[in-house]
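In: Generate coordinates for the sequence data below:
(chains A, B, C and D, ligands or ions: 4)
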Amino acid sequence: MSLLSLLLISGCDLNTRMSTFTAKGPVAETQLNLFMLTVWVTGFIFLAVGGVYVYVVIRFRDKKDGNESIPSQGHGNPLVEMGLIGVSILLLVIIAVPTLQGIWYTHDVPDDESSLLGSWYTNGDLSEADAKEPFIIRAIGYRWWWEFEYPQLGISTANEMVIPAGRPIHIELRSVDVIHSFWLPKIAGKVDLIPGRANSMWIQAGDTIDAWAKKAEFEGTDNERLLAYEQYLEDEIYDYYYGQCAEYCGDSHARMLFRAHVVKDEDFYAWVNRMDAGHAEAPEGMTWDDWYASYDETPEELTGDVHEGLKLFMGRAKCATCHAVKGNPRAVGVAGPNLTYLAERHSIAAGWLNHRNDDNSVDSEAQLNNFIKWIKDTDEVKPGNLMWKAKGAGIGELDPLLNDEEIRKISLYLQSLQ
Amino acid sequence: MSDTEHMSELDVLKTENDRYYAFVNLALILAAVTGIELVLVYLPFPSTLIFTVLISLSLFKFIGVIAWFMHLIYDKLILTMAFGTGMVIAFGTYTALLFLLSGEMVAPQEIPGR
Amino acid sequence: MSTTHTTEVINPSVHNDLADLKPEISDLGLRRPDHSKNVIIDWMTTVDHKKIGLMYGAMALFFLLVGGFEALVIRTQLMVPENDLISAQRYNQLFTMHGTTMIFLAIMPLNAAFFNFLVPLQIGARDVAFPRINAFSLWAFVAGALVINFGWLLQALEMFGLFTASGATAGMNDFVPAMGWFGYAPITSTEFTGAGTDFWIMGLQILGVASLSASLNFIVTIINMRAPGMKMMRLPVFTWMTLIVSLLIIFAFPAITVALIQLMFDRVFGTNFFSVGGGGQPILWQHLFWIFGHPEVYILVLPAMGIVSEVLPTFARKPLFGYAIVVFSGAVIGFLGFAVWSHHMFTTGLGKIATAAFSLLTMAIAVPTGVKIFNWVGTLWGGQIRFHAPMIFAIGFVWMFMMGGFSGIMHSSAPADAQQQDSYFVIAHFHYVAIGGILLAIVSGIYYWLPKMIGKMWQGNLNIWVGIFTVVGLNITFFPMHFLGLLGQPRRTHTYLSGFGWESYNMVCTIGSYILAFGVLLLVVDIVRCFRSKQLAGNDPWDARTLEWATSSPPKVYNFAATPIVNARDGFWADKYGPENRKLGEVDESHGIHMPSQSWMPMIASAGFIPLGLGLSLMQAGVPFMGYVAILGLVIIALGISLWALEGPGGYHLHPKKESN
Amino acid sequence: MSQTESHDDGHHGLMVKNKKLLMWLFLGSDCMFFGTLISTHLIYRKLHPEEFDPTQLFSLELTSFSTFILLMSSFLMALAVSAMHKGEMKSFRRNVIGVIFFGLIFLGCQVYEFAHFMHEGLNLDTGTFGSTFYLMTGTHGVHVAVGVFWLISMLFYSQSGKMEAHKSAIDVEAAGLYWHFVDIVWIVIFTVVYLIEFIA
Ligand code: HEA
Ligand code: HEA
Ligand code: CUA
Ligand SMILES: [Cu+2]
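Out: Ligands and ions are numbered 1, 2, ... in the order given. Model (predicted):
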């Protein structure tokens, strides 16, 4: 048995996409350390008690030597009992004390100056109140996708969030329907999104510069420190992280995944600015006013796959009734994920359909196929989801259904959202 | 009453008659207490005081009925234990629960797009 | 002194005291179904705790196979990533029903089977305190099981195109519950789930009635029906655990009963207990469920500990080490169990203080549990360990349960649990305690007591293979799940993407589950072989210690020809090996043994639960006239109980001939 | 279930009758049952204090009256049990009729109260208050109704002459325990659900 477990441990990679063994942030690290502590303590007890147990079973087996005399009928020994109870309690205290510390530490964003948004966010103006709060993201669970809202920055995205490395983030957890659970294993353990309940948690990808310097015992000038810290983030933290809904929420619970891009501050600012501006132009550089004027009056003049895709998106396919695309003044639906800069995301359908290359770029061919697959077989990819059937509003209820050509055009339009 | 099992007819009569007065007295007290409670809530005393008194009075009635009407003081300890265990677990659990759920954590229903 | 594997042949007709008895007329003027020659009628109307126990056991074994079959389908689906053997909906139904079936329809009734058969024998009683209530509990359990599983029938018919929901229910296609065994609100609201949830609610409610009535009965039995000299501190540990478990049941079940009523009201009458729109808090359901649910897991495991506490001393030929403290720690485990429910809710944002409190209280449970483990080891110490089949499983139990307990301790550290909760780590934890713990102990109990129950002895060495396949299988299935959980695989997912490092583990788990299932299959084969065995067991095949071994195998209807007088703990052992003043005595029964009459009423009354449960469920789904069916059910129940009260307890007297040994 | 069996009240170490022990255990279990119901109500009052103002609706006078009625019925029940022990069938019957009568009055008050509240707009689905209030008091009402039904059956049974004072005393006592328990539940409800709402 132990051989088998050894085999498993040594033969298998513990650094996988959602492994809790490779903690990449102070919260997950605290949790991992506690776990390892419980493993050591119980492992010790296991060996001690298990060892005695095996010894007893072997030592006192019936020797079959014809000795039928009855063993001494001892009833117990209070001293031994008390001693073992004492040892058990002692071992539990070893677990309990760090557990309490862990509970306090992982509960709230650390209460210090550098945790406030105002202390590091240098990309544009913040209101006074916002600057005095930690950085907030509202994660809202839907069956079966995620909305990520950045209330202080006025932007919103879905299923793939972008967060800066080394910054504490307060996440407000809300749900519109049933219970979901936000789990980003490498960065933090889960907390549930419960309807009617104001839950929250905090996460942080990688250490802050101070914590890192302390841990690495770094000595040197501020500048060296900054560079070395940057190198640490580069080596270990900037990455594409995998998360998943961890509370059963219905048919497609298994397919309610999400992602977090952890990036450097500058990249984060750039992304925020892009999301904030949205798609200021209609396809081929038209202004939205021109485009809509044409769409309303002479739609036949808007030709080419992308224009036609957008026409379908706004028109027959009804996509815009549920989806918002920032910039596009008429695409302001709220029932589905926000599609602003959709083509920059590395997955769709809440992480189920993926198109990411190893070098962190988007595989556009796979992306197109995924769009097509999603629009064509929405109900198969995610049985029961709202986009397909929604009391008459879903695309599975269109009459006739979108044909392959239309789907291709819509998908090409979606690919232009970058 | 289990303890009457081993009594003679006469003893039964006697104990029951003794208890009769206990019952009557208790009934009168219970009625009076209920009256007091009704008046109490309207009196202009500090609300914590009224609250405490109300809870004590209700506890008093509760125990009165259990102890005398239900014969618990006359009966075997095992019955008190059977009932008491349930009482204690229920009281402990639900007091804890009352503190576990707090109004601060209540959030309005989330509506997409608001 | 009797030797193991007695082969003496007892002529069954010698003690047939029933042959010349005729049924009597009840107070209602009807003939009581006593002494019926018709076997089916005899079993349906029986009030004999031994027959009731056997029926519980048979039913529970059947549901163990059903639940196990469901698990095998689950494992097969998860064998490879992105498998589409079954649909998401079917998968969700399967794990919900697997959990519900295993807990409520397999393990609990298996425990009940042992309670029923053994407790009166172990305390030297004729029967339980309320034999007809006992029969009622059994049949109510059957009714509940049928109501819960009714959805499968509809689902199967629908699958084969023989049935489509029409009228008010048109379009409904989820007839089997699919919200997980703890049915967290609000996924149980009508907005998200259909008739399956109603079957689940009503089925659990009925099972609750069955468990409650059975437990009340056992507590009274154990407190009141003990043979002379059987002081509380002389009770066999198994009986003690039965008492504690029964107390846990009567104090834990009301919480879920009320929660289920509230849920039913939400679904049927639109109340707002758990619906956010009207101000309800879904979190409240979680609290109420786990206030029941955590004691429930100890309800499952304490009888197993009781079994092991009987088997180990017998086969080590020593008394249980630290009897008093083992009993006491059982009680402490039980009642601490009421104070830790929120450890299932560490990730629901309880707040720091509550999380800390529940974390510490949960850890505290390791102490009394550890006490038991230490005392079991102490029992073996200095013993003369004989590795008969029951002992093999009992030894396995201690080992495997310990491993499950350790992962429980890992959960109890709340921050660590944030990574483990709702992942396969939890699945690993509770299958170790459930299979490595409870199931192994129950198998041990089956090997130990089946010869007593049916009077026949096991044959051959198949038990060793059962042991090897189950223990190896369970470790191969569930050990890798610890890693799966820590590598991020969430539970209750019908499929998963490749590339997360989960593929090989899942494959191993699936293979393991087949090995485990093969072990269970061998067990079934072995049981069948035992039933067909020609070798008689004799009164005391294991050289055991407690009273049930003092009477014949199988025991006569009246259990003991003369009620024993107990003069020691492990009374039967003392009778065999102890000093003269510790030997068993006998109560003078010259006036004959009073036996209770059989009755149709318990079964009739509980049959009413079927129309009541199905009626209410289908009524909420919108099927017409179902309200009337539900009322019909209520009428049947009321009628059954009234007639039961009016027919009078009846009873007859037996004058058994004195047994020869 | 006046005739729940105890086929063999055997040799019990503790000298408590089976049925009596059964009933007390059941009542212990019922504490948990009503504990759940009452605490659900209190929790929602705590979470949504502003949701509903019951002082406008509750009539303390009426509820005090029905509390009084129930207390008195408990008194009569105690007398009935006592009478049974003494073997005074007539007195037993008289007292039980009194209990039934009072029980019916209590139920009448409750029906009136419910009807009145519903008329005033408090329904089962009125927020959480309506849900918890009706389920809790309604469940209590059902308990009372079951008790009344039980006592009526007993009354008829005693009329049939099959009831022997000494053999049936335990059945009456079990029914009595049940009745008193329903009473103490109401004592709690009266205070924590009605009275404390009125504290200024
Ligand atoms: C069947 C019986 C059973 C038993 C006996 C236990 C026993 C324990 N369980 Fe388990 N548990 C379940 C069944 C059981 N559990 C189930 C079914 C679930 C999941 C439900 C679901 O979500 O579907 C669950 C889930 C569960 C959770 C929630 C996990 C989550 O969802 O996040 C937790 C958290 O604390 C927990 C803890 C414990 C602990 C501390 C014990 C302790 O009692 C264990 C004590 C035993 C030992 C520790 C071993 C022996 C002791 C010694 C050798 C002494 C020395 C040891 C020390 C000093 C450490 N269990
Ligand atoms: C005490 C209870 C108990 C027992 C004994 C078991 C036994 C098993 N369980 Fe169980 N399981 C639970 C209680 C239990 N389980 C609970 C409570 C859940 C949570 C549900 C939820 O999330 O809501 C769960 C969930 C659960 C999951 C997780 C599903 C998910 O979250 O997606 C898995 C996955 O592997 C699993 C596997 C198994 C296996 C392989 C067995 C094996 O032990 C089974 C062994 C096999 C047999 C006993 C049967 C032998 C059968 C045959 C030989 C063939 C018979 C053939 C026919 C009938 C045709 N179980
Ligand atoms: Cu959302 Cu699972
Ligand atoms: Cu638990």
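In: Not counting sequence-adjacent ones, nearest residue to the residue in the stretch 151-300 of chain A that chain B sits nearest to?
Out: Scanning the stretch 151-300 of chain A for the residue nearest chain B gives A:A198, at 3.9 Å (criterion: C-beta to the nearest C-beta). Bear in mind the C-beta positions are built from the backbone N, C-alpha and C, glycine included. Computed as C-beta to C-beta, 6 or more residues apart in numbering or on different chains, the closest residue to A:A198 that is not its neighbour in sequence is B:A107, at 3.9 Å.
In: The one you found against A:G196, yeah?
Out: Yes - counting by C-beta atoms under 8 Å, B:A107 does reach A:G196; the two are 6.0 Å apart.
In: More neighbours: which of those two?
Out: Taking other C-beta atoms under 10 Å in any protein chain shown, B:A107 and A:G196 do not tie; A:G196 has more neighbours (25 against 17).
In: Give me the nearest residue to that one, chain neighbours excluded.
Out: Excluding the flanking residues, the one nearest A:G196 by C-beta to C-beta, 6+ apart is C:V276, at 4.0 Å.
In: For the residue nearest to A:A198, give its distance to A:R197.
Out: 6 Å (C-beta to C-beta, to the nearest Å).
In: contacting residues for D:M77?
Out: Shown in contact with D:M77 (C-beta atoms under 8 Å, 6 or more residues apart in numbering or on different chains): B:F69, D:N95, D:V96, D:V99, D:G176, D:W179, D:H180.
In: how about the nearest residue to C:Y558 once chain neighbours are set aside, phi and psi?
Out: Among residues not flanking C:Y558 along the chain, C:I593 sits closest, at 4.7 Å (C-beta to C-beta, 6+ apart). Main-chain dihedrals, C:I593, degrees, to the nearest 10: phi -100, psi 130.
In: Please work out how many residues are found near C:I593.
Out: By other C-beta under 10 Å, neighbour count at C:I593 equals 21.
In: So the residue nearest to A:G196 is in contact with A:V178, correct?
Out: No - C:V276 is beyond contact range of A:V178, at 9.9 Å (criterion: C-beta under 8 Å).
In: so what pLDDT did residue 8 get?
Out: Looking at chain A here, since you left the chain open. pLDDT, A:L8: 55.
In: should've been chain D
Out: Reported pLDDT at D:D8 in the predicted model: 40.
In: cool, and C:E24?
Out: Each residue has a pLDDT score; the one for C:E24 is 74.
In: now the helices for chain B?
Out: Along chain B, counting by DSSP state H, helices occupy B:9-40, B:47-64, B:77-100.
In: closest to chain D out of these?
Out: Once these are compared by C-beta to the nearest C-beta, helix B:77-100 is nearest, at 2.8 Å.
In: So, low pLDDT: which residues of the stretch 51-200 of chain A?
Out: The stretch 51-200 of chain A contains residues with pLDDT under 70 at A:65-68.
In: highest average neighbour count across the helices of chain B?
Out: Mean neighbour counts were compared across the helices of chain B using mean count of other C-beta atoms under 10 Å in any protein chain shown; the top stretch is helix B:77-100, at a mean of 19.
In: now the angle from it to helix B:47-64?
Out: 150 degrees (axes from the mean of the first three to the mean of the last three C-alpha atoms, to 10 degrees).
In: Help me see whether helix B:77-100 makes contact with chain A, please.
Out: No - applying C-beta under 8 Å from any C-beta of the partner chain, one finds helix B:77-100 separated from chain A by no less than 12.4 Å.
In: Which strands or helices does that helix pack on?
Out: Under the contact definition 3 or more C-beta pairs under 8 Å, 6 or more residues apart in numbering or on different chains; DSSP states H and E, helix B:77-100 sits against helix C:237-269, helix C:282-316, helix D:18-47.
In: what element comes up after the longest one heading to the C-terminus?
Out: Secondary structure here is assigned by DSSP states H and E; on that basis, the next helix or strand after helix C:282-316 toward the C-terminus is helix C:323-336.
In: Just the buried residues of that next one, please?
Out: C:Y323, C:I325, C:V326, C:V327, C:S329, C:G330, C:A331, C:V332, C:I333, C:G334, C:F335, C:L336 (16 or more other C-beta atoms under 10 Å in any protein chain shown).
In: and which of the residues you listed is nearest to ligand 1?
Out: Checking the buried residues of helix C:323-336 against ligand 1 by C-beta to the nearest ligand atom gives C:I333 as the nearest, at 6.9 Å.
In: Count the neighbours of residue 140 for me.
Out: Went with chain A since none was named. 20.
In: that's the other chain; I wanted chain D
Out: 21.
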